[in-house]
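Engineer: Give me a 3D structure for the following:
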Amino acid sequence: MKYSFRFVIVAGLFIVCLLTANIVGVKFASFGFVSLPAAVILFPFSYIFGDVLTEVYGYKTARKVIWLGFGCNLIFVIFAYFAQILPPAVGWEGQQAYETIIGSTWRILAASFLGYIVGEFSNSFILARMKILTRGRWLWMRTISSTLVGEGLDTVIFLIVAYMGMPFFTPIVILYHWTAKVLIEVILTPATYRVVGYLKKKEDIDTYDYKTRFNPFLIR
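Structural biologist: Numbers count the residues shown, from 1 in each chain. Okay, here's the model as predicted:
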């Protein structure tokens, strides 16, 4: 399959949202009665772009982009770590700030990677299968349903692996995270419709995964 510049833009935005969310996620913001990571606003966009990739280009193509995002995130983490352990220059006083913002424990990183892989592949699989079952109808139902599962698994896995046993961790935190992410998906559903419609028309493609093997590790 020959990929267009439109596909490259969507895939690039998917990866940018993923990487940026991992950086801004260190800040907790106040949303009225609850405090949540700033990434709760941005991370759902990666799922929206994942929905667009699966809906227009199919699960096989989305699978490649999901793994590409995983690889890009891994490269970022490795180089951020090596920059962190380099001895700071004389007079530079930002080492502690750098470690606070960019540095992460291996427990947090493992939680992030595991949640991402399970959540994104679940989201893409459900969307692709539901597209066949609904014969391409009710996009809003398919995107929201896949997000409920994908974001749910991602949130549960990440928070449990990363924060289980810490004083501030409670089951209600998982509910707040999950609810906020799903609400953003719902609010942006009209925009998703517009992007999907535009791409299908311009690319002249509307992929149905009838014969697709859904093994997430089959990337050839």
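Engineer: rest of the way, CA atoms for contacts and neighbours
Structural biologist: Will do.
Engineer: Now do stretch 203-216: everything it contacts.
Structural biologist: 4, 55-60, 63, 121, 125, 128-129, 131-132, 199-200 (C-alpha atoms under 8 Å, 6 or more residues apart in numbering).
Engineer: What's the end-to-end length of that stretch?
Structural biologist: End-to-end distance of stretch 203-216 (C-alpha to C-alpha, to the nearest Å): 25 Å.
Engineer: What residues sit buried inside it?
Structural biologist: Of the residues in stretch 203-216, Asp206, Thr207, Tyr208, Asp209, Phe214, Pro216 count as buried by neighbour count, 16 or more other C-alpha atoms under 10 Å.
Engineer: For the third one, give me phi and psi.
Structural biologist: What it means is Tyr208. phi -120, psi 130 (degrees, to the nearest 10).
Engineer: And the helices in this structure?
Structural biologist: Along the chain, counting by DSSP state H, helices occupy 5-24, 39-57, 59-85, 95-101, 106-133, 139-163, 171-187, 189-203.
Engineer: Now do the third one: which elements does it pack against?
Structural biologist: Yep, that's helix 59-85 we're talking about. Secondary-structure packing of helix 59-85 (3 or more C-alpha pairs under 8 Å, 6 or more residues apart in numbering; DSSP states H and E): helix 5-24, helix 39-57, helix 95-101, helix 106-133.
Engineer: circling back to that earlier point, single out the most deeply packed of the helices of the chain.
Structural biologist: Mean neighbours per residue, mean count of other C-alpha atoms under 10 Å, is largest over the helices of the chain for helix 39-57, with a mean of 23.
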